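Colleague: no sequence for this one, just the structure:
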């Protein structure tokens, strides 16, 4: 009797404790969202200059240097339900002689720093969402192109040729389309970019649509499914030199303040594929810039200059071993890129008048090449050996000679990238 009483007591105690034990096990198994996430990207290089201009600066020897090009450190933290904060610091070397005496060595500035809120999940298709951001954030298309082109080798063609910065202060909205059909991204930003303070009252709207028409296919190859086509535009303005009026602001002979903005418009279209075996892209982009000069007086009227620049670029980064053996995992990649940039498609025209003294009917442009190979040491580290060259064409001859000035820069690089 005593034994049966003990057994029944133990059984009742276990039954009574079972819900609490189950709750404790469930609480232990619950995945807790990390309150803090830290990651980063470092990339650097060794450069050996080949062009004669570089050798002329060192008495005929080849200039060369080791450098840490960038260190991006990213901090992500939740900010309540559906909210997140991101801060990415840009650690860079100060090479500005004007400020180097005050800020020597390496400096830190914010590349991205914004508050983000995500809503409308799956509201317009499986996997869809709408994200709002405010702060220092990605501009309209550069960050997207960097998903196809590795930034540690060189900036994208749009950024390298001064269309706009890769980040800026403002607001943005990112709509991810359902069923892997792409995304829509729109921004309103200050304009000067994240490395500068706001210089005028104007704000620049921009938008892109990245459409992946075969993204939801069940039969096509991953390369075809990744194909994206991305039209984009950027509508901008900058303040006139005479936003506050002429040299005397007001008075006899002064034409007064010029309050309207000068045009700073850009647009383009990018298309590419992105898959482990091959990343490739093609792009056409155009920029229109107005500037003014003169005295803004009756004696020296304001003169507005309108210039149009044009850019063509294409690149490929591929794993040739995996092209023929898709099941193989090779770290070897081949790299090729070509940019053709014309800063001003009609430099002889300045406000309707011909500027033949400066250009003599020529249209200067730049050709830029990258050729190289890279190797993935592991999942986080990549080394590359590449040659980069830029050469100008159509430049006017230097004064007093019959030889055209053709600016050339040529360098060999050993570059590396590490992520963590």
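Modeller: Perfect, I can see it now. What you see is a predicted model; the values in this text were computed from it and never measured.
Colleague: any idea how far the residue nearest the centre of the chain is from residue 393?
Modeller: Central residue of the chain (CA atoms, centre = their mean): residue 142, 3.3 Å from the mean position. Distance of residue 142 to residue 393, computed by CB to CB, to the nearest Å: 26 Å. C-beta: built from backbone N, CA, C; applies to glycine.
Colleague: run a quick neighbour tally on residue 66.
Modeller: By other CB atoms under 10 Å, the residues close to residue 66 number 9.
Colleague: leaving out chain neighbours, which residue sits closest to residue 180?
Modeller: In space, and not counting its chain neighbours, residue 180 is closest to residue 215: 3.3 Å by CB to CB, 6 or more residues apart in numbering.
Colleague: what distance do you get for the residue lying closest to the residue nearest to the centre of the chain once chain neighbours are set aside to residue 138?
Modeller: Closest residue to residue 142 apart from its sequence neighbours, by CB to CB, 6+ apart: residue 166 at 4.3 Å. Per CB to CB, residue 166 is found 7 Å from residue 138.
Colleague: again with residue 86
Modeller: For residue 86, the distance to residue 138 - CB to CB - is 10 Å.
Colleague: so what sits against both of these two?
Modeller: residue 112 (CB atoms under 8 Å, 6 or more residues apart in numbering).
Colleague: and residue 144, what element?
Modeller: Here residue 144 sits within helix 142-145, counting by DSSP states H and E.
Colleague: which other helices and strands contact the helix or strand that that helix is followed by?
Modeller: Next in sequence after helix 142-145, counting helices and strands by DSSP H and E, comes helix 157-160. On a contact count with 3 or more CB pairs under 8 Å, 6 or more residues apart in numbering; DSSP states H and E, helix 157-160 meets helix 142-145, strand 278-293, strand 303-318, strand 332-342.
Colleague: now with 10 Å?
Modeller: Here helix 157-160 touches helix 142-145, strand 262-275, strand 278-293, strand 303-318, strand 332-342, going by 3 or more CB pairs under 10 Å, 6 or more residues apart in numbering; DSSP states H and E.
Colleague: the last one versus strand 278-293: what angle between them?
Modeller: Orientation check (axes from the mean of the first three to the mean of the last three CA atoms, to 10 degrees): strand 332-342 against strand 278-293 gives 20 degrees.
Colleague: ok, which stretches of the protein are helices?
Modeller: Applying DSSP state H to the chain gives helices spanning 2-29, 52-56, 97-100, 142-145, 157-160, 222-225, 320-324, 356-359.
Colleague: which non-adjacent residue is nearest residue 278?
Modeller: Nearest one to residue 278, counting by CB to CB, 6+ apart, is residue 318 at 4.2 Å.
Colleague: residues in contact with that neighbour?
Modeller: Residue 318 makes contacts with 275-280, 332-336, as judged by CB atoms under 10 Å, 6 or more residues apart in numbering.
Colleague: how close does the residue nearest to the centre of the chain sit to residue 373?
Modeller: 25 Å.
Colleague: quick one on the thing from earlier: just the contacts of residue 318 now: which is nearest residue 72?
Modeller: Taking CB to CB as the measure, residue 72 lies nearest residue 279 of the contacts of residue 318, at 20.1 Å.
Colleague: so the closest one sits right up against residue 333, yeah?
Modeller: Yes - shown here, residue 279 and residue 333 form a contact pair, counting by CB atoms under 10 Å, at 9.0 Å.
Colleague: common neighbours of the two, please.
Modeller: 150, 316-319.
Colleague: which of those residues are buried?
Modeller: Buried members of those, counted by 16 or more other CB atoms under 10 Å: 150, 316-319.
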